[in-house]
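Trainee: Provided below for reference: sequence and predicted model.
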Amino acid sequence: MRRAGDPALKDWLAWMRKYQPNASTGDLYNVQGYTAAQLMALVLKNCGDDLSRDNIIRQIKSLNGVALPMMLPGITVHTDPRNVTPIRQLQMARFDGKS
């Protein structure tokens, strides 16, 4: 869970205020979209000047240990030619009756 002083959370909240001012910060899909966009930006950067379909797919299939700001520490993105499932880890959380 991200804490109030976390730089990644501060950046995300600033982004939300700028681009999604009426959206709920409690909606998980806002974090998911933000994170997916960061991953796509990385893939396009890794493509360099070759933005062909084949190169984009090649870059998507070669992500190894990519840590994105809003993902929990230790959770990273991994893909390879045989497995394009990007997130293969999870962290259990305990509900204490409040959070």
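Mentor: Cool, got the structure.

Trainee: so where do the helices sit in the protein?
Mentor: With DSSP state H applied, the chain shows helices at 7-19, 28-47, 53-60, listed in chain order.

Trainee: Ok, which of these comes nearest Ile75?
Mentor: Distances from Ile75 to each of the helices of the chain were compared using C-beta to C-beta; the minimum, 10.5 Å, belongs to helix 28-47. The way it works is simple: take the backbone N, C-alpha and C, and place the C-beta from them, glycine included.

Trainee: which parts of the closest one are buried?
Mentor: Using 16 or more other C-beta atoms under 10 Å as the test for burial, helix 28-47 gives Asn30, Val31, Tyr34, Thr35, Leu39, Val43.

Trainee: so that helix versus helix 7-19, what angle?
Mentor: Taking axes from the mean of the first three to the mean of the last three C-alpha atoms, to 10 degrees, helix 28-47 and helix 7-19 form an angle of 100 degrees between their directions.

Trainee: Next, the angle helix 53-60 makes with helix 28-47.
Mentor: Angular relation of helix 28-47 and helix 53-60 on a 0 to 180 degree scale: 110 degrees, by the same axes, to 10 degrees.

Trainee: so where's this structure shaky on pLDDT?
Mentor: The chain contains residues with pLDDT under 70 at 1-2.
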